[in-house]
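>>> Sequence first, predicted model second:
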Amino acid sequence: MADYKFYVGIDPGHGGSDPGAVGYIKECIANLTTALACRKYLLANGVGVVMSRMLNINNSLNACCKLFNKKKVALAVSIHKNAGGGDGFEAYHSIHGGKGKTLAKNVEAEVKKLGQNSRGIKTRKNDDGTNTDYYGFIRMTDMPAVILEGCFVDNKKDVKDFDTKAEQQALGYAYARGILK
């Protein structure tokens, strides 16, 4: 790795044989476009980046989390799109709050500037009585981590602002501005 004082781990969710959600756009491709734009913006602003993938290839959650932990990134971001008929952006952070919650709020503010509505900053707790985070990405990383859901790929109105490469890149730049805050 080059010599940066601060590194961010970026995971473009899904990939390869796992397309993620499919609707008016394919999630894995849109996630990668958004993630690469986020990477470009961060690097241009002096922040190092560790990517879990740079191509449309399979990407296991375990390998991703191990990579970010090994590289000791300061923050970890998993980029996704949503499905299920809703609309808007949402971010998940640890049930324990902290820097991950701050990161989620900062990214949310930047996404709202693009005109995207927000479904909120959320947490999800395991229902097994362990007082742990539900999402493996958040639970298995050693640093503050968030999952960012940019839009709903199966909602024609919601995806219309994110269905081109330029729009997906703009979302990545917004994520980067939130990270930089």
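In hand now; what should we look at?
>>> What about the nearest residue to residue 21 once chain neighbours are set aside, how many residues nearby?
Spatial nearest neighbour of residue 21, chain neighbours left out: residue 83 (3.5 Å); criterion: C-beta to C-beta, 6 or more residues apart in numbering. Backbone N, C-alpha and C define where each C-beta goes, glycine included. Using other C-beta atoms under 10 Å, residue 83 is surrounded by 17 other residues.
>>> does residue 40 sit in a helix or strand, and which one?
Secondary structure assigned from DSSP states H and E places residue 40 in helix 27-44.
>>> for the closest residue to residue 45 other than its chain neighbours, phi and psi?
Spatial nearest neighbour of residue 45, excluding adjacent residues (C-beta to C-beta, 6+ apart): residue 180 at 5.9 Å. Residue 180 adopts backbone torsions of phi -60, psi -30, taken as degrees, to the nearest 10.
>>> Test my guess that residue 180 contacts residue 44.
No: with contact defined as C-beta atoms under 8 Å, residue 180 does not count as touching residue 44 (10.5 Å).
>>> which of the two has more neighbours?
Under the criterion of other C-beta under 10 Å, the comparison of residue 180 against residue 44 puts residue 180 first, with 15 against 10.
>>> now the more buried one: how far from residue 37?
Residue 180 sits 14 Å away from residue 37, going by C-beta to C-beta, to the nearest Å.
>>> Kindly report the same for residue 179.
Noted for residue 179: a distance of 12 Å to residue 37, by C-beta to C-beta.
>>> where along this protein do the helices fall?
Counting by DSSP state H, the chain has helices at residues 27-44, 61-71, 99-113, 136-139, 156-159, 165-180.
>>> what angle separates the longest one from helix 99-113?
Read that as helix 27-44. Interaxial angle of helix 27-44 relative to helix 99-113 (axes from the mean of the first three to the mean of the last three C-alpha atoms, to 10 degrees): 100 degrees.
>>> how many neighbours does residue 74 have?
For residue 74, the neighbour count with other C-beta under 10 Å is 17.
>>> For the residue nearest the centre of the chain, report the pLDDT, please.
The centroid of the chain falls nearest to residue 79 when counting by C-alpha atoms, centre = their mean (2.5 Å). With respect to pLDDT, residue 79 has a value of 98.
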